[in-house]
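Engineer: From the sequence below, what's the structure:
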Amino acid sequence: MLLAIDCGNTNTLFAVHDGKDWRAQWRTATYSPRTADEYAVWLAQLMTLQGLSFDDLSACVISSVVPQSLFNLRNLSKRYLKTDPVVIGDAGVNLGISVNLDRPGEAGADRLVNALGCRVKYPGHLIIVDSGTATTFDIVSADGVFEGGIIAPGINLSMQALHNAAAQLPRIAIEKPDRVIGKNTVGAMQSGVFWGYIDLIDGLIGRIRAEYGQPMSVIATGGVASLFEGASRAIDHFDADVTIRGLLEVWRLNSVRKGA
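Structural biologist: As a prediction, this is how the structure comes out:
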């Protein structure tokens with residue numbers, strides 16, 4: 001079985017694929033000092049609940065945007081799975097897409113994995129909206145070229161900044177308000193954050209489409225993307241499995257090289 005790991009700035013996702021289906025998924029807060037042994041203790045207990053153990057795992061693929069965590073995740077694979085992982089960004093790892101940026105090496109591992117994860121399911125030119133610590137808008141051409149994109153502050157980051165900078169504004173939860181015009185401080189903040197973000201998403205997608213000049217499908221993913229379902233007019237598909245699908249495809253593309 002394959003262990004896929006997606007280490008983001010806020011959360012890290014672990015998922016097990018048995019060759020046909022995803023057997024289990026778990027998330028933990030990203031904490032860069034966490035050692036390989038600490039990951040193993042946590043993961044072993046969760047796998048036991050699903051009837052799995054490290055002996056069932058024979059391969060590992062890792063995407064990480066946190067360099068400090070990557071060292072310990074590599075060690076987790078080597079020490080407990082007895083295998084060298086496929087790591088997005090390592091020399092020789094085939095991602096199945098080309099990168100059309102001024103500096104191709106600057107493309108984040110998560111953005112490239114998402115591009116592949118969408119490309120294997122959705123045809124044509126694509127806009128991928130990933131809502132996490134940052135909200136990214138990535139453009140993938142119909143022939144599989146990563147054409148670049150937009151990076152904006154994530155909705156949680158915007159709300160935290162509002163709370164931190166204004167002493168009298170409380171910390172609030174993200175939720176869709178019933179009305180646009182708030183009648184109290186919390187309602188006004190929720191409206192500004194939620195509808196402000198919806199218009200950021202719809203507005204930027206409109207600008208991308210106008211500049212690109214060709215029909216494009218829009219796929220939304222990421223930890224808070226489901227909040228926008230039914231509110232955004234520009235998003236065509238909500239897909240929570242984009243990243244792990246991309247990691248699985250990266251593994252398949254490179255399994256021959258790994259001898260799996």
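Engineer: May I have the phi/psi pair for the closest residue to residue 202 other than its chain neighbours?
Structural biologist: By the measure of CB to CB, 6 or more residues apart in numbering, the closest residue to residue 202 outside its immediate chain neighbours is residue 234, 4.4 Å from it. Glycine gets a C-beta too; all of them are placed from N, C-alpha and C. Main-chain dihedrals, residue 234, degrees, to the nearest 10: phi -100, psi -20.
Engineer: and residue 234, what does it touch?
Structural biologist: Shown in contact with residue 234 (CB atoms under 8 Å, 6 or more residues apart in numbering): 201-202, 205-206, 218.
Engineer: Just the buried ones from those, in ChimeraX syntax?
Structural biologist: Here is the ChimeraX command that selects the buried residues among the contacts of residue 234 (16 or more other CB atoms under 10 Å):
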select :201,202,205,218
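Engineer: what would the contacts of residue 234 look like in JSON lines with distance to residue 100 and secondary structure?
Structural biologist: Shown next, in JSON lines, are these (distance: CB to CB, whole Å; DSSP: H, G, I helix; E, B strand; the rest coil):
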{"residue": "201", "distance to residue 100": "23", "secondary structure": "helix"}
{"residue": "202", "distance to residue 100": "25", "secondary structure": "helix"}
{"residue": "205", "distance to residue 100": "20", "secondary structure": "helix"}
{"residue": "206", "distance to residue 100": "22", "secondary structure": "helix"}
{"residue": "218", "distance to residue 100": "20", "secondary structure": "strand"}
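Engineer: Closest one of the contacts of residue 234 to residue 244?
Structural biologist: Using CB to CB, residue 218 comes nearest to residue 244 of the contacts of residue 234, at 20.0 Å.
Engineer: show me what contacts the closest one?
Structural biologist: By CB under 8 Å, 6+ apart, the contact set of residue 218 is 126-129, 205, 234-237.
Engineer: isn't residue 147 right next to residue 98, touching?
Structural biologist: No. Under the criterion of CB atoms under 8 Å, residue 147 is not in contact with residue 98, lying 9.9 Å apart.
Engineer: and the two? which has more neighbours close in?
Structural biologist: Shown here are residue 147 and residue 98; by other CB atoms under 10 Å, residue 147 has more neighbours (17 against 12).
Engineer: Any buried residues in the lowest-mean-pLDDT helix or strand in the chain, and which?
Structural biologist: The weakest-scoring helix or strand in the chain, judged by mean pLDDT, DSSP states H and E, is helix 155-165 (a mean of 78). The neighbour-count check on helix 155-165 (16+ other CB under 10 Å) flags 155-159 as buried.
Engineer: What remains of the contacts of residue 218 if I keep only buried residues?
Structural biologist: 126-129, 205, 234-235.
Engineer: follow-up on the earlier one: for the least confident helix or strand of the chain, C-alpha coordinates in CSV please.
Structural biologist: Coordinates of each C-alpha in helix 155-165 appear next as CSV, following Å, rounded to 0.1, in the frame of the first residue of the first chain:
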residue,chain,number,x,y,z
ILE,A,155,-9.5,33.6,4.6
ASN,A,156,-8.3,32.5,8.0
LEU,A,157,-5.2,34.7,7.7
SER,A,158,-7.3,37.7,6.7
MET,A,159,-9.6,37.2,9.7
GLN,A,160,-6.7,36.8,12.1
ALA,A,161,-5.1,40.0,10.8
LEU,A,162,-8.4,41.9,11.3
HIS,A,163,-8.6,40.6,14.9
ASN,A,164,-4.9,41.3,15.6
ALA,A,165,-4.9,44.8,14.2
